[in-house]
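Chemist: sequence? don't have it. structure:
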Ligand code: 4AD
Ligand code: MG
């Protein structure tokens with residue numbers, strides 16, 4: 001039997017042309033059952049959906065194909081030729097096998113790390129090279145794929161240009177980041193210190209100031225020593241820069257973008273979401289609906305401080321104007337106080353990077369942070385300081401060597417223009433969409449402190 005031109009399992013259920021016909025499918029065995037009469041039932045899956053197809057193999061077929069039943073184990077790969085038939089529920093969800101060929105068997109089934117039973121995510125992380133064989137990780141992967149596809153689609157529709165900003169850099173975008181330094185065997189390769197970038201924003205801004213509407217989507221790296229459920233050392237960021245816009249318009253843009261993508265995920269990953277609801281034993285559809293209906297509250301940093309101060313009286317926690325909003329605060333605001341995701345705007349200048357535009361009060365910047373319920377900060381953005389004198393003032397205040405940022409300053413020298421932008425942590429958004437609690441289960445190969453396997 002040839003391997004090629006097989007039918008994908010999820011198509012069989014959709015397309016009537018396969019009915020009662022001989023078709024060829026392949027996949028990995030998910031479970032196996034025997035009847036007393038010697039009929040074998042196999043559930044096999046080829047990775048395109050959570051739902052396997054049932055293969056029914058009569059005893060005479062087993063004998064004819066010289067199949068050793070002990071070789072048909074969970075995880076082994078095989079190819080089957082057979083007829084698609086209705087099951088007792090009147091669905092075309094069974095293949096009565098005529099020919100079977102084992103492609104890859106598992107010699108010692110006790111050794112195979114994935115069994116049909118439940119595995120903890122902690123255990124699965126230790127076998128990241130095999131964990132995509134589970135419905136949990138494959139569902140997340142398919143949802144991630146839809147998200148990325150429809151982000152590109154959204155930007156294409158809105159006439160944006162995709163700019164691949166560099167990964168190797170000599171500059172710190174944020175001005176105070178922990179960066180991974182690149183070891184250069186030939187010491188003078190770049191003739192300067194080089195790092196993995198924490199954000200492509202500054203490079204993206206240069207293209208915004210010529211192409212008007214741009215975005216990037218790629219991996220970024222942070223060497224901060226945070227081993228939490230929402231931090232990775234390598235993660236993906238979507239960044240957007242738009243000229244002649246402001247925070248208000250950016251907020252509207254973000255809401256439209258998130259709503260568009262989540263609608264597509266509900267449409268194209270319905271089965272995956274349903275699987276996750278069962279897996280989590282919690283129906284988080286409401287969370288998705290809130291984003292689709294754009295129910296995100298915008299609130300000023302000043303007002304957030306007032307709310308936290310009120311709570312402080314009960315908790316004896318020190319809340320003063322100027323503090324950063326901690327994970328604990330984010331949780332209180334989104335889960336208790338507002339019971340909604342929120343966008344905090346106009347943060348104190350001293351806790352935000354040098355590139356953010358200073359407000360008229362001279363102590364806050366025109367910033368935004370999207371805090372998603374159950375997740376925390378997922379988007380950070382701002383209006384950009386487009387006046388050179390003001391940008392230089394900011395750099396001086398933050399003790400940043402402005403010579404190093406000469407090309408970024410050039411944008412303000414040569415035909416400067418107001419612009420704004422934001423960065424979205426892709427895995428954090430996916431945590432929200434999938435309702436999976438640890439970011440380490442969202443990215444195929446997580447990297448975090450003391451962990452660089454695979
Ligand atoms: O808020 P951040 O640091 O913003 C920037 O880097 C800007 N330059 C973006 C821009 O305006 N173009 O990071 C943006 C987002 C955060 O809101 C968060 O979702 C995510 O990136 N993020 C992380 N995700 C996973 N692991 C980490 N260690 C993360 N650090 C930030
Ligand atoms: Mg931030």
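Modeler: Here it is on my side, so go on. Worth saying up front: this structure is predicted, and the values here are computed from it rather than measured. Residues are numbered from 1 along each chain as shown. Ligands and ions are numbered 1, 2, ... in the order given.

Chemist: near ligand 1, which residues of this protein? Just list them.
Modeler: Residues of the chain lying close to ligand 1 (CB under 6 Å from any ligand atom) are 173-174, 199, 201, 222, 231-232, 235, 237, 239, 377-381, 421-423, 425, 427-428. The way it works is simple: take the backbone N, C-alpha and C, and place the C-beta from them, glycine included.

Chemist: pLDDT weak spots in this structure?
Modeler: Low-confidence regions of the chain, defined by pLDDT under 70, span residues 1-4, 313-315.

Chemist: where do the helices sit along it?
Modeler: Along the chain, the segments classed as helices by DSSP state H run 9-14, 59-64, 121-125, 135-157, 201-211, 247-268, 270-280, 285-292, 301-315, 327-331, 388-397, 406-413, 426-434.

Chemist: most packed of those helices?
Modeler: Comparing these by mean neighbour count (mean count of other CB atoms under 10 Å), helix 426-434 ranks first with a mean of 24.

Chemist: what's the angle between that one and helix 285-292?
Modeler: The directions of helix 426-434 and helix 285-292 differ by 120 degrees, with axes from the mean of the first three to the mean of the last three CA atoms, to 10 degrees as the criterion.

Chemist: contacting residues around helix 426-434?
Modeler: The contact list for helix 426-434, computed with CB atoms under 8 Å, 6 or more residues apart in numbering, reads 139-140, 143-144, 147-148, 217, 230, 232, 235-238, 258, 262, 265, 273, 276, 287-288, 291, 372-378, 436-439, 442-443.

Chemist: measure the residue lying closest to residue 139 once chain neighbours are set aside to residue 143 for me?
Modeler: In this structure, residue 139 finds its nearest non-sequential neighbour in residue 272, 3.8 Å apart by CB to CB, 6 or more residues apart in numbering. Residue 272 sits at a distance of 5 Å from residue 143 (criterion: CB to CB, to the nearest Å).

Chemist: what does residue 29 give?
Modeler: Taking CB to CB as the criterion, residue 29 is separated from residue 143 by 25 Å.

Chemist: cool, and residue 21?
Modeler: Using CB to CB, we find residue 21 at a distance of 32 Å from residue 143.

Chemist: contacts only, for residue 54.
Modeler: Contacts here follow CB under 8 Å, 6+ apart; on that basis residue 54 touches 41, 42, 43, 87, 93, 94, 95.

Chemist: next, the buried residues of stretch 223-242.
Modeler: 230-242 (16 or more other CB atoms under 10 Å).

Chemist: try stretch 319-327
Modeler: For stretch 319-327, using 16+ other CB under 10 Å, the buried residues are 319, 325.

Chemist: check the offset of that stretch from the chain's centre.
Modeler: When distances are taken as CA atoms, centre = their mean, to the nearest Å, stretch 319-327 is centred 27 Å away from the chain's centroid.

Chemist: name the residues that touch that stretch?
Modeler: Counting contacts by CB under 8 Å, 6+ apart, the residues touching stretch 319-327 from outside are 228, 230, 301-302, 304-305, 308-309, 311-312, 333, 344, 348, 350-351, 369, 371, 376-377.

Chemist: what's the burial count for residue 382?
Modeler: Around residue 382 sit 24 other residues, with neighbours defined as other CB atoms under 10 Å.

Chemist: hey, what's it bridged with?
Modeler: Residues found in beta-bridge contact with residue 382 (criterion: DSSP bridges) are residue 367, residue 421.

Chemist: hang on, isn't residue 81 packed against residue 65?
Modeler: No - with contact defined as CB atoms under 8 Å, residue 81 does not count as touching residue 65 (10.0 Å).

Chemist: now do the shared contacts for those two.
Modeler: Common contact partners of residue 81 and residue 65 (CB under 8 Å, 6+ apart): 99, 100.

Chemist: show me the protein divided up by domain.
Modeler: 9-112, 131-441 (automatic domain parsing).

Chemist: of all those, which one is nearest residue 119?
Modeler: Distances from residue 119 to each of those were compared using CB to CB; the shortest belongs to domain 131-441, at 6.9 Å.

Chemist: next, count neighbours for residue 212.
Modeler: The criterion is other CB under 10 Å. On that basis, residue 212 has 16 neighbouring residues.

Chemist: that one - nearest residue in space that isn't next to it in sequence?
Modeler: The shortest distance from residue 212 to any residue that is not its chain neighbour, by CB to CB, 6+ apart, is 5.0 Å, and that residue is residue 243.

Chemist: contacting residues for the one you found?
Modeler: Counted by CB under 8 Å, 6+ apart, residue 243 has contacts 208, 209, 212, 213, 417, 418, 419.

Chemist: now, which of those sits nearest residue 168?
Modeler: Within those, distances to residue 168 taken as CB to CB reach their minimum at residue 208, with 21.2 Å.

Chemist: contact partners for the nearest residue to the closest one once chain neighbours are set aside?
Modeler: Closest residue to residue 208 apart from its sequence neighbours, by CB to CB, 6+ apart: residue 241 at 3.6 Å. By CB under 8 Å, 6+ apart, the contact list for residue 241 reads 201, 204, 205, 207, 208, 213, 214, 215, 384, 419, 420, 421.

Chemist: gap between the fourth one and ligand 1?
Modeler: For residue 207, the distance to ligand 1 (CB to the nearest ligand atom, to the nearest Å) stands at 13 Å.

Chemist: ranges for the strands of the stretch 1-150 of the chain?
Modeler: Assignment of strands within the stretch 1-150 of the chain using DSSP state E, counting those that start in this stretch yields the ranges 22-34, 40-45, 53-57, 77-86, 92-104.

Chemist: and the shortest one with strand 92-104, angle?
Modeler: Calculated by the same axes, to 10 degrees, strand 53-57 forms an angle of 70 degrees with strand 92-104.

Chemist: which strands border strand 53-57, and is each parallel or antiparallel?
Modeler: For strand 53-57, the paired strands and their directions (DSSP bridges) read strand 40-45 (antiparallel), strand 92-104 (parallel).

Chemist: who touches the last one?
Modeler: It refers to strand 92-104. In this structure, residues lying in contact with strand 92-104 by CB under 8 Å, 6+ apart are 1, 3, 12-13, 18-19, 22-23, 25-26, 53-58, 61-62, 65, 67, 71-72, 76-87.
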